[in-house]
Structures are given as structure tokens and as C-alpha cells.
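> Sequence first, then the predicted structure, then my questions.
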Amino acid sequence: MAQGEVLLTVLDSASGKEITFDRGDLEALPRHRLDTHTSVTDGVHHFEGPLMRDVLGVAQFHGEEILAIALNDYEITIPLSDFERFDVIAALEMDGKALTPRDKGPIWIVYPRDEHVELQDIRFDYRWVWQLCRIEIR
């Protein structure tokens, strides 16, 4: 898919197939808005980007979990059920500005923390992957 700079690669671990997304690909998906607190910033912030389930839906790969990998090599396993239960977004913008690697971008997995008390548990904080660059579906 990506014709510009690749921001995100999604790999199907079972088949070895992958799909890539540039900013235009991600911006072409339905845009979602989320206002929430984070555990690493002060106050409520406004985030925008596609839903994670929409991003993964384009890839049409199947599994039960993902391994989310960041530019700084941080990685964590996230159950795919998170993206069905909650409107988790692949944030491309925060407070109206495009995210860059200097400020947790270009993609930041953002949960609707203020909408669900259970998402305020620390185990979900680890799933807020900033500088997301790769997803491996397992």
C-alpha cells in the first residue's frame, strides 16, 4: 500500500505476509477523535487517528494478539480483544498537531482511558505504545 515513507508495517506471523502504511494510507481511514488523560502527560489531550481495529481490518490478517513494536525497540503483546472492546486509536495527532518521533509519534496507540475505569489500571498503561512502527499479528 505505502507509496510514501512507511510509518507502519503489519506482519501476519502465520503466513509471513506484510502490509505497509504511509501517512496518507492511515489518514484515508475513518478518523476518530478521543479526549483523554494519559499517564505520561498533564491534563486532558485531544487525539485523532484511525481506530486500531480499522487499521488491522485493512490488513485482513487473523490472530488473537499483536506484538506492538516501537522505534526505540520497546515491545509488548496486546490482546486483539482490546481493539474490539474499546475504541483504541492509532493517534497521528495530539492537540491538533501531527505527532513526530520527538513527541511520541508518528503513531501512538491511545486508549479511551477516561471513558473506562478499568483502563486506568497500570497494566493498560504499558499498552500505550508510542513511536509505533511495527505490528506482528499472532
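Right, received. Where do you want to start? Numbering: from 1, shown residues only.

> so where's this protein uncertain?
Scanning the chain for pLDDT under 70 picks out 1-2.

> Which parts of it are strands?
With strands called from DSSP state E, the chain shows them at 6-12, 18-22, 31-37, 44-50, 65-70, 75-79, 89-91, 93-94, 97-98, 108-110, 132-137.

> Quick check: which of those strands is nearest to Tyr126?
In terms of CB to CB, the element of the strands of the chain nearest to Tyr126 is strand 75-79, at 5.6 Å. C-betas here are computed from N, CA, C, even on glycine.

> Reformat the strands of the chain into a markdown table and put mean neighbour count and distance to Leu119 next to each item.
Formatted as a markdown table, those follow (neighbours: other CB atoms under 10 Å; distance: least, CB to CB, whole Å):
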| stretch | mean neighbour count | distance to Leu119 |
| --- | --- | --- |
| strand 6-12 | 19 | 23 |
| strand 18-22 | 19 | 25 |
| strand 31-37 | 15 | 9 |
| strand 44-50 | 19 | 14 |
| strand 65-70 | 20 | 16 |
| strand 75-79 | 14 | 13 |
| strand 89-91 | 27 | 13 |
| strand 93-94 | 19 | 18 |
| strand 97-98 | 12 | 24 |
| strand 108-110 | 24 | 11 |
| strand 132-137 | 22 | 18 |
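
> In a markdown table, list those along with distance to Glu118.
Converted to a markdown table, these look like this (distance: least, CB to CB, whole Å):
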| stretch | distance to Glu118 |
| --- | --- |
| strand 6-12 | 27 |
| strand 18-22 | 29 |
| strand 31-37 | 14 |
| strand 44-50 | 19 |
| strand 65-70 | 18 |
| strand 75-79 | 13 |
| strand 89-91 | 18 |
| strand 93-94 | 23 |
| strand 97-98 | 29 |
| strand 108-110 | 16 |
| strand 132-137 | 22 |
